[in-house]
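*Asks:* No letters, just coordinates:
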């Protein structure tokens, strides 16, 4: 069973039932039939209460559906807790949940202990009834919020005590809170010497999949560039004209390691990178991300391959949202060395780090391959 039962005060109720049985027999012995009837009535109520709580919650099912919701910092969402009760009805219960404070209840007082938020929700469900409790929440800080613990407390209708049902399985719902998007200085310039997707008037490269018109044929034009339909219509050879394109791909390399721990300004650095990602998304600039947090797979660190568009933006923000100070990091120079051997550097590379000395040998090498820019924390969000 997913529910773990804890009975409080049930032993005292059983002792009271035993005492009432003794009183009933004593009243019968002394022929006190009125007292015996009253004692028997109270004993029946106590017995029904014991029977009720013996079966309570046996067929209460929590629909534990795996759901990940995404919310902006300060945005609104909700926990959706669905319960199906095929057993005895539950009245006057109290559902208590604990979840990570990456999200907070919307407009309610909470008991906040360390990084967990405690919240009480009234709970009543009838027999063969399904209910959905929606708990409104607000994004509080970057991170992944999960319900760590859930308990249902049901008070005794008569007398002292209660039944506590503790949900033993892991609740699969979670909320991913994106980092804050701030405005940082951000400049980029596409390369005229490398082919790409960025439309640029003065470029050496053309995109054969983006014809924009025709012009009169000259002897230096290639034969496969002739637009035959336009030539037949105008009775003279016409050559296709294509968009001129340039390379504008970027690589963001973020250093989150300070010796054997995470950097002290981790949140600020992540918000800075998230803002650059938002700028790339709005300008349709392809980009890749590398972060020196250890990861399993082909790349021993967090790496997002080059891409653009809304899907790339979502993957990038999710990657930044799950980074924690508790993550295991790797030396920044080790990641730079791996990137140097296993990746082709794009036209522009941004290094978000204050630790320049450990990668001094790679700076001059990369400067010959890419437009290298170092974003340091001590230059006011500028480019060093």
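*Replies:* Sure, I can see it. What you see is a predicted model, and the numbers here were worked out from it, not measured in a lab.
*Asks:* can you pull the pLDDT of residue 188?
*Replies:* Residue 188 carries a pLDDT value of 53.
*Asks:* all helices for this protein, in order.
*Replies:* For the chain, the helices defined by DSSP state H cover 10-29, 33-55, 228-234, 266-283, 309-321, 332-342, 360-367.
*Asks:* which of those sits most buried?
*Replies:* With neighbours defined by mean count of other C-beta atoms under 10 Å, none of the helices of the chain is more surrounded on average than helix 266-283, at a mean of 19. Yep, even glycine has a C-beta here, placed from its N, CA and C like the rest.
*Asks:* what about it, distance to the chain center?
*Replies:* Distance of helix 266-283 from the chain centroid (C-alpha atoms, centre = their mean, to the nearest Å) equals 17 Å.
*Asks:* And the contacts of that helix?
*Replies:* Here helix 266-283 makes contact (C-beta atoms under 8 Å, 6 or more residues apart in numbering) with 141-142, 178-184, 186, 188, 250, 252, 254, 256, 263, 285-287, 289, 308-310, 312-313, 316-317, 320, 323, 325, 350, 352, 375, 377, 381.
*Asks:* sorry, back to before: would you tell me which of the helices of the chain gets closest to residue 68?
*Replies:* helix 309-321 (9.0 Å; C-beta to C-beta).
*Asks:* and that closest one, what does it pack onto?
*Replies:* strand 174-177, helix 266-283, strand 287-294, strand 301-307 (3 or more C-beta pairs under 8 Å, 6 or more residues apart in numbering; DSSP states H and E).
*Asks:* want to throw these into a markdown table with distance to residue 123 and mean pLDDT?
*Replies:* What follows is the helices and strands packed on helix 309-321, written out as a markdown table (distance: least, C-beta to C-beta, whole Å; pLDDT from 0 to 100):
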| stretch | distance to residue 123 | mean pLDDT |
| --- | --- | --- |
| strand 174-177 | 22 | 93 |
| helix 266-283 | 36 | 90 |
| strand 287-294 | 40 | 93 |
| strand 301-307 | 41 | 92 |
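*Asks:* Compile the ones you listed into JSON lines and extend it with columns for distance to residue 53.
*Replies:* What follows is the helices and strands packed on helix 309-321, written out as JSON lines (distance: least, C-beta to C-beta, whole Å):
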{"stretch": "strand 174-177", "distance to residue 53": "33"}
{"stretch": "helix 266-283", "distance to residue 53": "48"}
{"stretch": "strand 287-294", "distance to residue 53": "49"}
{"stretch": "strand 301-307", "distance to residue 53": "51"}
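*Asks:* what residue ranges in the stretch 251-384 of the chain score low on pLDDT?
*Replies:* For the stretch 251-384 of the chain, residues meeting the criterion pLDDT under 70 lie at 377-384.
*Asks:* Can you tell me which of the helices of the chain is nearest to residue 75?
*Replies:* Nearest to residue 75, of the helices of the chain and by C-beta to C-beta, is helix 309-321 at 12.6 Å.
*Asks:* just to revisit the earlier point, looking at the helices of the chain, which is closest to residue 172?
*Replies:* For residue 172, the closest of those is helix 309-321, at 17.1 Å, according to C-beta to C-beta.
*Asks:* Could you list the residues in contact with that closest one?
*Replies:* So helix 309-321 is contacted by 70, 142-144, 176-179, 270, 273-274, 277-278, 281, 284, 286-287, 289, 291, 302, 304, 307 (C-beta under 8 Å, 6+ apart).
*Asks:* could you flag which of these are buried?
*Replies:* Buried members of the contacts of helix 309-321, scored by 16 or more other C-beta atoms under 10 Å, are 70, 142-144, 176-179, 270, 273-274, 277-278, 281, 286-287, 289, 291, 302, 304.
*Asks:* closest one to residue 49 among the helices and strands packed on helix 309-321?
*Replies:* Taking the helices and strands packed on helix 309-321 one by one with C-beta to C-beta, strand 174-177 is closest: 38.7 Å.
*Asks:* on that earlier part again, need the helices of the chain in a markdown table (columns: distance to residue 154).
*Replies:* Shown next, in a markdown table, are these (distance: least, C-beta to C-beta, whole Å):
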| stretch | distance to residue 154 |
| --- | --- |
| helix 10-29 | 12 |
| helix 33-55 | 8 |
| helix 228-234 | 79 |
| helix 266-283 | 42 |
| helix 309-321 | 37 |
| helix 332-342 | 54 |
| helix 360-367 | 64 |
